[in-house]
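[1] Predicted model, plus sequence, below.
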Amino acid sequence: MGLFDIFSKNKEEKLDKGLTKTRSSFLSKFSKAVAGRSRVDAIVLDELEEILISSDVGVATTIKIIKRIEDRVARDKYLGTEELNRILREEVTALLFENKAGDFSGILSESNERPYVIMVVGVNGVGKTTSIGKLAHKFKLAGKKVVLGAADTFRAAAVDQLTIWSERAGVPMVSQGMGVDPASVAYETLEYARKQDADVVIMDTAGRLHNKVNLMNELGKIRRVMQKVVPGAPHEVLLILDGSTGQNAFEQVRQFVSVTEVNALAITKLDGTAKGGVVIGVSDQFSIPVKYIGVGEHIDDLQIFDREAFVETLFQS
């Protein structure tokens, strides 16, 4: 069974269930906006703009989408409201393709790097450690040898939680406990992974942002130390975002991009919010690929982001 097969199991059903709240909220507002109107006019587009913004797509991305639809209306002259949902899906999908959201040139199965090192960053409470556990589980199911590194040594709870997930996923974890130098943990983890001939290393890191200088120095030191063991590491810097925080997710991306080289995003907790539009806005505004989305609490509820399936599910009537 390949890596993509593991991530695709029951994908459509889980995605449909996970986006229920966002879809229900959007469709309810959308139906009211077009009720009694046969043509897409300025009033309908103003209503659609408000709906997209309230779904946390973001102002800048919403303006792009509305402009695209306005151009279609101008070109097609008599565009009916019954066509608006289809056109919206087409334009949002096109936007995601243009911004390479969902492109995975560095996906593990296509990488020759061994071990493939993923450094996971994100503020506390976004589901960072849980996502690490779910990734470890899926990689192991795909036949990969996985090692976890507990380099978030700032909180005892972080180490304890990662220990639980390593046991649940059935993969080894390297830890030196709380309060030690995170770079030391990173070095030991990669040394252990090389000796064990591991395929993947997933490194947890501290999530505090109140002092960006300290965080930048810490992440930079972890990177430099890892490169002494595995040149080019980390191959992936995965930022975990909580989809239910809406616009706060945008600010978190800005903060982390300013302190480290984020090249992939995972957006969690989409099943518990009506703010699923944040996936569209974040991927558009920062041009960083959304690699995974979380649509449930179970260990197999982390999915590879499929932009076409996401948009189709989100806006389906």
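    Received the coordinates, thanks.
[2] contacts, neighbours, all on C-alpha from now
    OK.
[3] now the residue most central in space within the chain, what's its secondary structure?
    Centrality entry for the chain: nearest residue to the mean C-alpha point is Ala266, 1.7 Å, by Cα atoms, centre = their mean. At Ala266, secondary structure determined by DSSP: H, G, I helix; E, B strand; the rest coil is strand.
[4] for it, what are its contacts?
    Leu238, Leu239, Ile240, Leu241, Val290, Lys291, Tyr292, Ile293, Gly294 (Cα atoms under 8 Å, 6 or more residues apart in numbering).
[5] which ones are touching the second one?
    Meaning Leu239. Counted by Cα under 8 Å, 6+ apart, Leu239 has contacts Val120, Val121, Gly122, Val253, Phe256, Val262, Ala264, Leu265, Ala266.
[6] 10 Å instead?
    119-123, 126, 128, 252-253, 256-257, 260-267, 288, 290-291 (Cα atoms under 10 Å, 6 or more residues apart in numbering).
[7] tell me what the helix or strand where Asn85 lies is packed against?
    Using DSSP states H and E, Asn85 sits in helix 84-98. Other helices and strands packing on helix 84-98, by 3 or more Cα pairs under 10 Å, 6 or more residues apart in numbering; DSSP states H and E, are helix 20-34, helix 42-54, helix 59-76, helix 278-286, helix 307-315.
[8] what angle sits between the third one and helix 84-98?
    Right, helix 59-76. Helix 59-76 runs at 120 degrees relative to helix 84-98, counting by axes from the mean of the first three to the mean of the last three Cα atoms, to 10 degrees.
[9] Same question for the fourth one.
    Our comparison of helix 278-286 with helix 84-98, counting by the same axes, to 10 degrees, yields an angle of 50 degrees.
[10] Report the mean per-residue pLDDT for the next helix-or-strand element following helix 278-286.
    For helix 278-286, the following helix or strand on the C-terminal side (DSSP H and E) is strand 290-294. Regarding strand 290-294, the rounded mean pLDDT is 92.
[11] what packs against the helix or strand just after strand 290-294?
    Following strand 290-294 in sequence order, the next helix or strand is strand 302-304 (DSSP H and E). Strand 302-304 is packed against helix 3-8, helix 11-18, helix 128-141, strand 264-268, strand 290-294, with contacts defined by 3+ Cα pairs under 10 Å, 6+ apart.
[12] Run through the neighbouring helices and strands of the last one.
    So the one you mean is strand 290-294. Against strand 290-294 (3+ Cα pairs under 10 Å, 6+ apart) you get helix 11-18, helix 128-141, strand 236-242, strand 264-268, helix 278-286, strand 302-304, helix 307-315.
[13] go with 7 Å
    strand 264-268, strand 302-304 (3 or more Cα pairs under 7 Å, 6 or more residues apart in numbering; DSSP states H and E).
[14] ok, residues contacting the helix holding Asn85?
    Residues lying outside helix 84-98 but in contact with it, judged by Cα atoms under 7 Å, 6 or more residues apart in numbering, are Ile65, Arg68, Asp284, Arg307, Glu308, Val311, Glu312, Phe315.
[15] average model confidence for the next helix or strand after it?
    The helix or strand immediately downstream of helix 84-98 is strand 116-121, counting by DSSP H and E. For strand 116-121, mean pLDDT rounds to 96.
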